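> sharing a model that was predicted from the sequence below.
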Amino acid sequence: MEKGDYALASYRNLKPGDFITFGTYPQSVDGKEQAITWRVLQNSGSELLVLSEHILDCKRYHGKRADLTWRDCMDISWHDCDLREWLNHEFYNVAFNASEKELIKTTHCTDNGKGCPDTEDKVFLLSVAEINDVSETHGKDWRRAVGTDYAKTIKPDGCSLYVYDKTNKDNYMIIDGKEAGCSWWWLRTQGNKPSRAYFVGTGCSTRSYGNNSIVGYGVRPALNLDLS
């Protein structure tokens, strides 16, 4: 049995809440690549839906210029936004080698927002419907997330991950015995205006008013692994 076959066989037995490592991405301040930890959200028998356990990077939903502010948001759909392009090109090619890419399914993504077209993605953000579906069965604690040290660094495009630092203890996680402030992370569903997108707050709630040019929100990639 090939090494990849062993991994595939072990994946078939995974349950929601289990973790796997798959691919690599910069996670330290100096940009050193480390294995990505993924949380299993669903196992259908034929495919495994996984979400990065940590916020891996900080990106605008749309917009690349360093001088953009939150007021510079523009009407855009998930289909056309810069974050989708980044996930399916730069992130996909940096994070996964050729054999890993063979296991990643193309996912038909719906619930992208009112009037927004469906998409076919290798890597995507969760939608509001998906996050609610998982939460109905497994609660909301898994929504709470902290960023890697790399995600917290200031990027050339001006993005800088917001980290909660106030008094509400519900907005912290215990990491290696220490309190760590949680951060916001994007969902793909268009928000309450065409220039906004949904995001998950530091206390696990979903919010509809994230201006898509804002710099402080993080990225938790999701993907489906082929179990066939």
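Everything's here; your move.
> how far away from the center of its chain is the helix ranked longest in the chain?
Criterion DSSP state H: the longest helix present in the chain is helix 128-138. Offset of helix 128-138 from its chain centre (CA atoms, centre = their mean, to the nearest Å): 15 Å.
> and stretch 134-146, by the same measure?
13 Å.
> number the chain from 32, please
Let's use 32 as the start, then, which means that last one is stretch 165-177.
> would you mind measuring the gap between the ends of that stretch?
End-to-end distance of stretch 165-177 (CA to CA, to the nearest Å): 19 Å.
> picking that back up, and the longest helix of the chain, what does it pack against?
strand 64-74, strand 216-221, strand 237-242 (3 or more CB pairs under 8 Å, 6 or more residues apart in numbering; DSSP states H and E). Placement of C-beta: from N, CA and C, glycine included.
> what's the angle between the second one and helix 159-169?
Angular relation of strand 216-221 and helix 159-169 on a 0 to 180 degree scale: 130 degrees, by axes from the mean of the first three to the mean of the last three CA atoms, to 10 degrees.
> kindly report the same for the first one.
What separates the directions of strand 64-74 and helix 159-169 is an angle of 80 degrees, with the same axes, to 10 degrees.
> who does strand 64-74 pair up with?
Sheet pairing of strand 64-74 (DSSP bridges) gives strand 50-57 (antiparallel), strand 78-83 (antiparallel).
> residues in contact with the longest helix of the chain?
Contact with helix 159-169 is made by 47-48, 72-73, 141-142, 173-174, 218, 220, 229, 231, 237, 253, as judged by CB atoms under 8 Å, 6 or more residues apart in numbering.
> for the nearest residue to residue 172 once chain neighbours are set aside, what are its contacts?
Closest residue to residue 172 apart from its sequence neighbours, by CB to CB, 6 or more residues apart in numbering: residue 235 at 7.0 Å. Contacts here follow CB under 8 Å, 6+ apart; on that basis residue 235 touches 171-172, 174-175, 201.
> sec struct for residue 235, please.
Applying DSSP: H, G, I helix; E, B strand; the rest coil to residue 235 yields a three-state assignment of coil.
> from residue 202, how far off is it?
9 Å (CB to CB, to the nearest Å).
> shared neighbours of these two, anything?
residue 175.
> which one of the contacts of residue 235 is nearest residue 118?
The shortest approach to residue 118 among these belongs to residue 174, at 19.1 Å (CB to CB).
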